[in-house]
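J.: Any chance you could fold what I've pasted below:
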Amino acid sequence: MLQDFLQVKRLEGYGLTDLPDFKSEFSSGMDLCANFLVTDKKKEVLIPSNGRIMISTGLAIEIPKNCEGQIRSRSGLSFDHGIIVLNSPGTIDQDFRGHLKIILANFGIDDYLIRQGDRIAQLVIINVVRPQIRLVEKLNASKRGNKGFGSTGIT
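T.: Reported below is the predicted structural model:
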């Protein structure tokens, strides 16, 4: 069962931004903010059209046991500007304690500016099942069988 706390550590040298936060009562994801080093003179970064960049959050996290973190795109950024989390969902393993960074890509037609404190992605914590692995000679039959991509149709 999911534990109640996501442990969050602010990393030294980064500005103060909002902690991961649910923005509505029934949000599944917590918003994550861009966070640049205090010593950086620029507090913004430009993602060129068809470009990609790694954005710092200035945070490290400890995910509850038997869970993973998933980094997902924000729908408004995706639809309005073509900004997506490139490896979405990005997986954060439960035992990772390093700097949480977000890979953003710009599939929009215009360059896009990310500023200090901008909400750039979502973090969703989900339970993970880790089954035992068993090698078998035969798999149980199913109605779908080995039919692959598109086999269930469109309508």
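J.: Do a quick rundown of the helices in this structure.
T.: Taking DSSP state H, the helices of the chain run over residues 75-81.
J.: Tell me where the longest strand sits in it.
T.: Determined from DSSP state E, the single longest strand within the chain is strand 52-62.
J.: neighbouring contacts of it?
T.: Residues from elsewhere that reach strand 52-62 (CB atoms under 8 Å, 6 or more residues apart in numbering): 6-11, 14-15, 17, 19-20, 32-37, 45, 47, 69, 86, 92, 97-106, 114, 120, 123. All C-beta atoms are positioned from the backbone trio N, CA, C, and that covers glycine.
J.: Next: stretch 102-120.
T.: 15, 17-18, 31-36, 43-55, 57, 71, 74, 77, 81-87, 90, 121.
J.: Sketch out the low-pLDDT regions of the protein for me.
T.: 1-3 (pLDDT under 70).
J.: all strands in it, in order from the N-terminus.
T.: Under DSSP E, the chain gives strands at 7-10, 30-33, 44-47, 52-62, 67-72, 83-85, 90-92, 99-106, 112-115, 119-127.
J.: Parallel or antiparallel, list what pairs with the fifth one.
T.: Based on DSSP bridges, the pairing partners of strand 67-72 within the sheet are strand 90-92 (antiparallel), strand 119-127 (antiparallel).
J.: so that strand versus strand 52-62, what angle?
T.: 150 degrees (axes from the mean of the first three to the mean of the last three CA atoms, to 10 degrees).
J.: same check, this time on the last one
T.: Computed by the same axes, to 10 degrees, the angle separating strand 119-127 from strand 52-62 equals 50 degrees.
J.: just the angle between strand 119-127 and strand 99-106, please?
T.: Using the same axes, to 10 degrees: strand 119-127 against strand 99-106 is 120 degrees.
J.: quick one: strand 119-127 to chain centroid distance?
T.: 5 Å (CA atoms, centre = their mean, to the nearest Å).
J.: do the first one as well
T.: With CA atoms, centre = their mean as the basis, the distance from the averaged C-alpha position of strand 7-10 to the chain average is 16 Å.
J.: Noted, bye for now.
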